[in-house]
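# A predicted structure for the sequence below; I have some questions about it.
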Amino acid sequence: MAVDSATDHVSTPSWPSPFGVRTRLVASSALMLFTELALIRWTGSNVVHLSYFSNFVLLGSFLGIGIGVLRSSRAKRLPFYSPIMLGLLVLVIAWKPVTVDRGSSSSVIYFTSLNTTGPPVWVILPIIFVAAAVVLAGPAELVGRCFAELPRLTAYRFDLVGSLVGIVSFTALSFLGAPPIWWGLIVTIVFAALLIPRTASGTRLVATAVSAALVLAPLLVMLGVLFHESTRPDLSWSPYYKVKTKQYTWKNVPLLTITVNGVPHQQAIPADSRLQWEPQYGLPYERAVTGKTPKNVLIIGAGSGSDVAIALKKGATHVDAVEIDPRIRDLGKALNPDRPYQDPRVTSHIDDGRAYLSRTNKKYDMILLALPDSLTLVNGASSLRLESYLFTKQAFESAREHLNPGGAFAMYNYYREGWLIDRLASTAQAAFGHKPCVDKIGDGLQQAVVTVGLTEQDQTCGTAWNGPSEITPPPATDNRPFLYLFTDRIPSLYLVTLGLILVAGLVGVGIAGGGSSYRRMRPYADLFLLGAGFMLLETKSITGFALLFGTTWVVNAIVFAGVLVAVLAAVEVTRRFKTPPVKVMFAVLFGGLALSWVFPDSWLLGMPVGLRALVAVLIAFLPIFAANVIFAKRFTDTADGTASFGANLLGAMLGGCLEYAALIIGFHGLLVIAALLYAGAFLLTPKLKPATR
């Protein structure tokens with residue numbers, strides 16, 4: 001059996017804590033991941049840019065974690081800078097909240113506010129990136145100190161356990177709909193437990209008081225901001241958004257407006273008034289002329305229920321209402337003037353629309369995509385929005401397969417750009433084999449209704465659609481589900497920002513290590529590449545499972561936890577058993593990558609859900625497991641644990657940047673980049689010492 005015996009023989013600053021090293025390591029790792037997730041959620045709800053650029057917070061976190069681990073062996077004081085920066089960040093964002101409008105020259109569409117307030121994107125994004133790095137460097141520094149006191153794999157094992165505790169805790173709070181004051185309380189308690197010494201004698205009393213002030217003063221400021229935000233009666237929190245509601249009466253008509261993350265999202269209006277003021281919402285029922293009223297209707301993006309109420313008004317005898325956000329559905333159930341969710345003809349489903357279609361065998365007379373808005377990203381994926389997989393050619397084909405004879409598929413929204421309307425219409429044409437009806441409403445927001453019958457005889461158009469123009473992008477696909485991306489290149493905003501992130505990483509690592517960081521990490525270039533490859537594997541797993549089982553926060557949390565469990569399993573196997581040589585494990589890794597390439601997600605979608613889950617787990621986690629056995633074997637043999645671990649974490653930051661290549665080559669193409677990175681790691685891996693018995 002392999003024995004984990006390597007430790008770092010370096011002097012580390014004293015840590016006046018009553019807890020044992022394992023407890024400190026678990027707590028520090030849990031704090032690190034919990035704070036990272038909380039920062040992504042909270043900053044995204046208050047800075048509109050970060051609904052679409054949350055990966056930049058993730059990249060800043062990776063940079064901070066890598067720097068914190070690297071400086072842990074040379075830091076002379078505990079990282080009080082971390083809670084101080086956290087308090088300042090929350091205060092600054094609360095003082096200067098940000099909403100933005102979209103420039104007309106943008107090559108990517110963002111559904112945002114119509115008014116501009118706060119600093120521009122090029123100011124606020126770097127501030128938050130640097131702040132996230134500083135905040136996460138503190139817990140990472142504490143983790144690095146623990147690594148110096150324990151055998152390599154023992155330390156890594158407890159680090160993973162702490163990470164699991166962090167993600168499970170945050171997931172539980174999301175499930176309970178807890179407001180951010182609870183996130184802040186947990187972060188404050190753990191920071192205080194780790195950074196404030198417990199001795200109260202002589203000079204230690206002064207040290208304790210100073211430590212308490214440095215930790216608690218900024219965090220109490222943070223708690224004050226979060227308490228104010230969490231107790232406002234018009235605010236509530238879903239697993240995806242900060243939700244703001246407003247009820248009022250206009251022309252004797254009761255109205256409910258819902259704003260999420262500072263962006264106007266939807267308005268619940270009585271169906272009669274909606275159809276009178278905006279008759280376009282009834283167009284799908286007029287264009288789908290089948291000789292009878294659609295009786296069985298599926299509405300994806302049911303929201304607060306206005307579209308459901310219209311379907312009932314149009315004569316539907318049963319409506320399946322699918323909404324991804326439970327809070328918005330519950331608000332509609334309680335506050336929609338028509339009370340559509342209380343109607344016995346309505347069945348409500350909290351689910352991702354594409355996932356619902358893949359699991360149901362029901363057929364419908366009409367399937368309607370009712371303004372599914374792009375307001376946030378899937379956590380851990382740089383360019384995948386919650387509704388991305390609803391608008392691909394394969395999604396439209398799935399909708400076609402769920403239509404009764406004479407049925408119709410329709411969608412409407414404020415699309416902002418004419419090319420986007422034509423792209424959706426051409427996608428419908430490709431999936432159904434004939435031109436759809438396209439009704440454009442004359443306003444600056446380019447509202448349109450696209451309706452397509454199962455056959456051309458199942459639709460009656462007002463004006464014939466001219467077809468796609470020369471500049472219309474091709475239909476989005478499950479491999480490249482980037483509906484709102486106009487070009488076939490990475491937008492310049494992304495390239496510039498990623499370049500600045502990499503420069504900031506190079507400078508930050510150099511400063512943190514006092515000039516020695518790169519010298520210390522030079523022998524661990526293979527671990528750097530292993531970190532970059534692992535990040536791409538994790539991204540491919542997240543996007544693949546989102547397609548197969550939905551973009552819901554539950555699926556996302558399960559995948560994150562599953563990745564950590566697979567890594568922990570690899571560590572346990574390496575610790576307890578004699579594993580095959582590294583060359584053999586690399587062969588298993590490349591075999592797993594080949595398996596993922598040969599059997600793409602489209603093949604798995606045709607399987608029953610149970611079998612799909614089993615095969616998907618095998619295909620996704622085999623290369624992850626093999627890669628982490630390789631890492632564990634190599635990590636055990638390193639002479640400098642903090643430098644090698646820091647190199648791996650900084651490699652993950654590079655992997656997060658390379659993830660944007662999916663905009664060009666698709667998510668499936670990330671497997672090729674991962675394979676190249678792992679090939680480089682294989683070539684750079686030194687010959688390992690045989691494990692002791």
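Looks like it arrived, so ask away. Numbers count the residues shown, from 1 in each chain.

# tell me which stretches of the stretch 301-450 of the chain form strands.
318-323, 346-350, 364-370, 403-414, 437-441, 447-453 (DSSP state E, counting those that start in this stretch).

# can I get those in CSV including mean pLDDT?
Formatted as CSV, those follow (pLDDT from 0 to 100):
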stretch, mean pLDDT
strand 318-323, 96
strand 346-350, 95
strand 364-370, 95
strand 403-414, 92
strand 437-441, 91
strand 447-453, 93
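
# Throw those strands into CSV and include mean neighbour count and distance to Tyr81, thanks.
In short, each C-beta sits where N, CA and C put it, glycine included. Shown next, in CSV, are these (neighbours: other C-beta atoms under 10 Å; distance: least, C-beta to C-beta, whole Å):
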stretch, mean neighbour count, distance to Tyr81
strand 318-323, 24, 42
strand 346-350, 18, 41
strand 364-370, 26, 47
strand 403-414, 21, 44
strand 437-441, 20, 53
strand 447-453, 25, 49
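
# closest to Val554 out of those strands?
strand 346-350 (9.3 Å; C-beta to C-beta).

# make JSON lines from the strands of the stretch 301-450 of the chain and add distance to Pro580 to it.
Shown next, in JSON lines, are the strands of the stretch 301-450 of the chain (distance: least, C-beta to C-beta, whole Å):
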{"stretch": "strand 318-323", "distance to Pro580": "46"}
{"stretch": "strand 346-350", "distance to Pro580": "44"}
{"stretch": "strand 364-370", "distance to Pro580": "49"}
{"stretch": "strand 403-414", "distance to Pro580": "51"}
{"stretch": "strand 437-441", "distance to Pro580": "59"}
{"stretch": "strand 447-453", "distance to Pro580": "54"}
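
# which stretches of this structure have low pLDDT?
Within the chain, the stretches falling below the threshold (pLDDT under 70) are 1-18, 48-54, 96-123, 198-204, 290-291, 374-382, 443-444, 513-515, 688-693.

# that older thread, indicate which one of the strands of the stretch 301-450 of the chain is closest to Phe586.
strand 346-350 (42.5 Å).

# got a list of what the nearest residue in space to Pro270 that is not next to it in sequence touches?
Of all residues not flanking Pro270 in the chain, Pro337 sits nearest, at 4.8 Å (C-beta to C-beta, 6 or more residues apart in numbering). The contact partners of Pro337, by C-beta atoms under 8 Å, 6 or more residues apart in numbering, come to Pro254, Leu255, Leu256, Ala268, Ile269, Pro270.

# what's the answer for Val503, then?
With the criterion set at C-beta under 8 Å, 6+ apart, Val503 makes contact with nothing.

# tell me the buried residues in the helix or strand that contains it?
Element membership for Val503, per DSSP states H and E: helix 492-512. Judged by neighbour count (16 or more other C-beta atoms under 10 Å), helix 492-512 contains these buried residues: Leu493, Tyr494, Thr497, Leu498, Ile501, Ala504, Gly505, Gly508, Val509, Ala512.

# and these, which two are the farthest apart?
Longest span within the buried residues of helix 492-512, C-beta to C-beta: Leu493 and Ala512, 27.8 Å.

# which stretch among the strands of the stretch 301-450 of the chain comes nearest Leu564?
When those are compared (using C-beta to C-beta), the closest one is strand 346-350, at 25.4 Å.

# can you list the strands that the closest one pairs with?
strand 318-323 (parallel) (DSSP bridges).

# contact partners of the strand it pairs with?
295-303, 305, 308, 311-312, 329, 340-341, 345-353, 356, 362, 364.

# chain center to stretch 510-529: distance?
On the basis of C-alpha atoms, centre = their mean, to the nearest Å, stretch 510-529 sits 29 Å off its chain's mean C-alpha point.
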